[in-house]
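Novice: what's the 3D shape of this:
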Amino acid sequence: MASKANPIGMRVGITKSRPCEWFAKTKRVWGDFFVEDIKIRNFVDKFFPRSGISKVVIRKTAKEGELIIFSAKVGVMMGKQGAKIKEFEDALKKQFGKEIKVVIKEVKVPELSARIMGEFIATQLEARMPFRKVIKNVLQKVMEKWASGIKVQVGGRLGWVDISRTEKLIEGRVSLQTFRSDIDYHYLQARTKYGMLGVKVWIEKWQMYARKQQAQEWVAKKISI
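Specialist: Numbers count the residues shown, from 1 in each chain. Sure thing, here's the model as predicted:
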């Protein structure tokens, strides 16, 4: 059987930064921190369901921590005069027993986030929109923001038929086996009347050496002018 690796995890340290920034002296503390990270991420998803969150970075020690949330809907998450964030910080302290500061940062180009685009597709599918029309619309939006490529895969009872199947649409180039490619990936489920639909989104933003070469060509062109 073929083995599949997570496109983000295999690129950490190459084109991706670490989603958790902390240090543990012993294996026991490392295990506790790791489990706590998973619980914090699940807690964020429950408190802010489909709020345009692109990425969550966790920085912490044994007594305190910091949570950096990158979102395309900063106003929705902040609430009136930051009331929702204060409520969220109080809920985190009650749940995990430590002071955790929450920082919200804006995602300037949400079309290049696989998680945001996946949430958009899932919301449209739950509203009983035709899946091909939704996917083609997303492909067009992403490619208009100068992405190298995008791949979307949807599986389940598509078109409300009795037999489940998988549909895949690709636009541009998505080189999953190239480590220097900056690829964003996300998987989620859409809960529809006729069953659960799985949604997978891959977005290739750029390649590390390709961007450097393009910058050098642009500088050389400016100098020649």
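Novice: tell me the strands beside the helix or strand hosting Ile203, with direction?
Specialist: Taking DSSP states H and E as the definition, one finds Ile203 inside strand 195-207. Paired neighbours of strand 195-207 in the sheet (DSSP bridges): strand 149-156 (antiparallel), strand 181-192 (antiparallel).
Novice: now mean pLDDT and distance to Gly52 too, for those, in TSV please.
Specialist: Glycine gets a C-beta too; all of them are placed from N, C-alpha and C. Compiled in TSV, these are given as follows (pLDDT from 0 to 100; distance: least, CB to CB, whole Å):
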stretch	mean pLDDT	distance to Gly52
strand 149-156	95	18
strand 181-192	94	13
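Novice: of all those strands, which lies closest to Thr15?
Specialist: Closest to Thr15 of those, according to CB to CB: strand 181-192, at 4.3 Å.
Novice: report the buried residues of that closest one.
Specialist: Neighbour counts over strand 181-192 (16 or more other CB atoms under 10 Å) mark Ser181, Asp182, Ile183, Asp184, Tyr185, His186, Leu188, Ala190, Thr192 as buried.
Novice: strands of this protein, start to end?
Specialist: Applying DSSP state E to the chain gives strands spanning 20-21, 53-60, 64-71, 99-106, 149-156, 165-172, 181-192, 195-207.
Novice: buried ones in the last one, by neighbour count?
Specialist: For strand 195-207, the buried set under the neighbour-count rule, 16+ other CB under 10 Å, comprises Leu197, Val199, Lys200, Val201, Trp202, Ile203, Glu204, Lys205, Trp206, Gln207.
Novice: the first one pairs with what?
Specialist: Leu197 forms beta bridges with Ala190, as assigned by DSSP bridges.
Novice: make 57 the first number, not 1, from now on.
Specialist: Noted, 57 is the first residue going forward, which turns the last one into Leu253.
Novice: residue contacts, it?
Specialist: Contacts of Leu253 were listed using CB atoms under 8 Å, 6 or more residues apart in numbering, and they are Ala178, Leu181, Phe187, Val210, Gly211, Gly212, Arg213, Leu214, Gln245, Ala246.
Novice: could you redo the last one with a cut-off of 7 Å?
Specialist: By CB atoms under 7 Å, 6 or more residues apart in numbering, Leu253 lies in contact with Leu181, Val210, Gly211, Gly212, Gln245, Ala246.
Novice: need the max-distance pair from those residues.
Specialist: Farthest pair in the contacts of Leu253, by CB to CB: Leu181 and Gly211, 11.4 Å.
Novice: look at these two and report which has more neighbours.
Specialist: Each of Leu181 and Gly211 has its neighbours counted (other CB atoms under 10 Å); Leu181 has more, 22 against 16.
Novice: excluding chain neighbours, what is closest to that one?
Specialist: Ala246 (4.3 Å; CB to CB, 6 or more residues apart in numbering).
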